[in-house]
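K.L.:
Build me a model:
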Amino acid sequence: MYKIFGDSKDSLVKPGNIMKINYTIKIGSSDSVLQTSVGKLPLFIPIEGNVPPDAYSPLEVFSLLRKGDSAVIVQLVDTLLKKNPGGQMPSFFKKGDKLLTVVKVLNVFSSQELAAKDREAETQKEQVRMEKEVEEDLVKGNADMSAWLAKKNITATKTGRGTYVEVKNAGDGAQAAEGKFVTVRYEGKTLDDGKVFQSTLDPKSQPYTFQLGSKNGSIAGFDEGLRMFKKGGKGTLYIPGPLAYGKNPPPGSSFKPNAALIFDIELVDVSDSQPAPPQQQQLPPEVREQMEKQMREQQQKQQQQKKPGN
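P.N.:
Numbers count the residues shown, from 1 in each chain. The predicted structure is shown next:
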């Protein structure tokens, strides 16, 4: 079910067009918002020629829209359940309820090139918005962290945008700095309950290596906190939520939005270039020969069994 609002005289979108939209998805019974792009990065949707007639998706309605149109699209939760037999539906879906998708068509592009140029501009605006949002959240995050440390009588130095660092051993090797490759062992805990969520402190585990300042390196608070150390250094990083995983923690993780984290760290190495991956431990020659002998015998047995009459 759907209802379209608009008096645009533009042509209907057609296959090959890219539609730029804002959307909001809500639960009908409570009017609570599940997801929205309003005030954030718009969605760019390529218009396909053949949407399956039984798709039961908002995509069925998109081909009926024009630039400037708005639409309310209704999906019945009971029908979604029937089309997903045995599947796990979110707990907030109740039988008899409705899922509402509200769409506003901001623009329609005739080519991927035009859409890509607009998407790049929107992405830049979104980055500025997110940075501003993080800075606003940091005001509270820093205040909460400072109060927590004072309550625990922990002396830590604030660095960067708000990571608090307790230096237990500054280290005496190369300084961790922008562009350096660091190898670190750590134990990560959530600040609110002290539960360990990951640890590489055990010498048998693989330490973590990344480049300081790289986009694909580490969370912001971990990156800026390590710069307080030299090779061999040890300490603890207290990271406010906005400098950890922020409002959008990794899917499937146990982190709450803007959860503050603690990392006990040991800076194993600091280098100018990417360290070579660790070599696999070689087996002693006598052990390797014995294993190869067993494999040959096993292969011979299998070949005998394949012969006619066996």
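
K.L.:
Which stretches in this protein count as strands?
P.N.:
2-5, 18-27, 33-36, 43-46, 70-76, 98-109, 157-159, 163-169, 181-190, 196-199, 208-211, 234-239, 261-271 (DSSP state E).

K.L.:
Deepest-packed of these, please.
P.N.:
strand 234-239 (a mean of 22; mean count of other C-beta atoms under 10 Å). Every C-beta, even on glycine, is put in place using the N, C-alpha and C of the backbone.

K.L.:
List the buried residues in stretch 130-145.
P.N.:
134, 137-138, 141-142, 145 (16 or more other C-beta atoms under 10 Å).

K.L.:
which intervals of the stretch 201-310 of the chain have sub-threshold pLDDT?
P.N.:
Along the stretch 201-310 of the chain, segments meeting pLDDT under 70 span 277-293, 295-310.

K.L.:
hang on, residue 63 packs against residue 47?
P.N.:
Yes. Assessed by C-beta atoms under 8 Å, residue 63 is found in contact with residue 47 at 6.3 Å.

K.L.:
Pull up the overlap in contacts between these two.
P.N.:
Common neighbours of residue 63 and residue 47 (criterion: C-beta atoms under 8 Å, 6 or more residues apart in numbering): 13-14.

K.L.:
In contact with residue 59, which residues?
P.N.:
Contacts for residue 59 (C-beta under 8 Å, 6+ apart) come out as 45, 48, 51.

K.L.:
hmm, I was thinking of residue 158
P.N.:
Residues counted as contacts of residue 158 (C-beta under 8 Å, 6+ apart) are 142, 146, 164-165.

K.L.:
could I get these as TSV with distance to residue 258?
P.N.:
Formatted as TSV, those follow (distance: C-beta to C-beta, whole Å):
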residue	distance to residue 258
142	12
146	16
164	16
165	20
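
K.L.:
which one of those is nearest residue 127?
P.N.:
Sorting these by how near they are to residue 127, with C-beta to C-beta, puts residue 142 at the top with 21.8 Å.

K.L.:
how much space between residue 68 and residue 175?
P.N.:
57 Å (C-beta to C-beta, to the nearest Å).

K.L.:
all helices of this structure, in order?
P.N.:
Applying DSSP state H to the chain gives helices spanning 59-62, 77-82, 112-151, 220-226, 285-306.

K.L.:
among those, which is the most enclosed?
P.N.:
Ranked by mean neighbours (mean count of other C-beta under 10 Å), the helices of the chain are led by helix 220-226, with a mean of 24.

K.L.:
Could you report the neighbour count for the residue lying closest to residue 98 once chain neighbours are set aside?
P.N.:
Closest residue to residue 98 apart from its sequence neighbours, by C-beta to C-beta, 6 or more residues apart in numbering: residue 28 at 3.4 Å. Residue 28 has 16 neighbours, counted by other C-beta atoms under 10 Å.

K.L.:
Angles on the backbone of residue 28, please.
P.N.:
Main-chain dihedrals, residue 28, degrees, to the nearest 10: phi -60, psi -40.

K.L.:
so how far is residue 109 from it?
P.N.:
Between residue 28 and residue 109 the computed distance is 32 Å (C-beta to C-beta).

K.L.:
swap in residue 57?
P.N.:
For residue 57, the distance to residue 109 (C-beta to C-beta) stands at 21 Å.

K.L.:
Closest to the centroid, which residue in this protein?
P.N.:
Centre of the chain computed as the mean C-alpha position; nearest residue by C-alpha atoms, centre = their mean is residue 250, 4.2 Å away.

K.L.:
List the contacts of that residue.
P.N.:
Counting by C-beta under 8 Å, 6+ apart, residue 250 touches no other residue.

K.L.:
Next up, phi/psi of it, please.
P.N.:
phi -60, psi 140.

K.L.:
thinking again about what came up before, will you turn the buried residues of stretch 130-145 into a markdown table that also has distance to residue 233 and pLDDT?
P.N.:
Below are the buried residues of stretch 130-145 laid out as a markdown table (distance: C-beta to C-beta, whole Å; pLDDT from 0 to 100):
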| residue | distance to residue 233 | pLDDT |
| --- | --- | --- |
| 134 | 27 | 90 |
| 137 | 29 | 93 |
| 138 | 25 | 94 |
| 141 | 25 | 94 |
| 142 | 24 | 94 |
| 145 | 21 | 96 |
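
K.L.:
Which of those sits closest to residue 276?
P.N.:
Closest to residue 276, out of all of the buried residues of stretch 130-145 and judged by C-beta to C-beta, is residue 134, at 35.4 Å.
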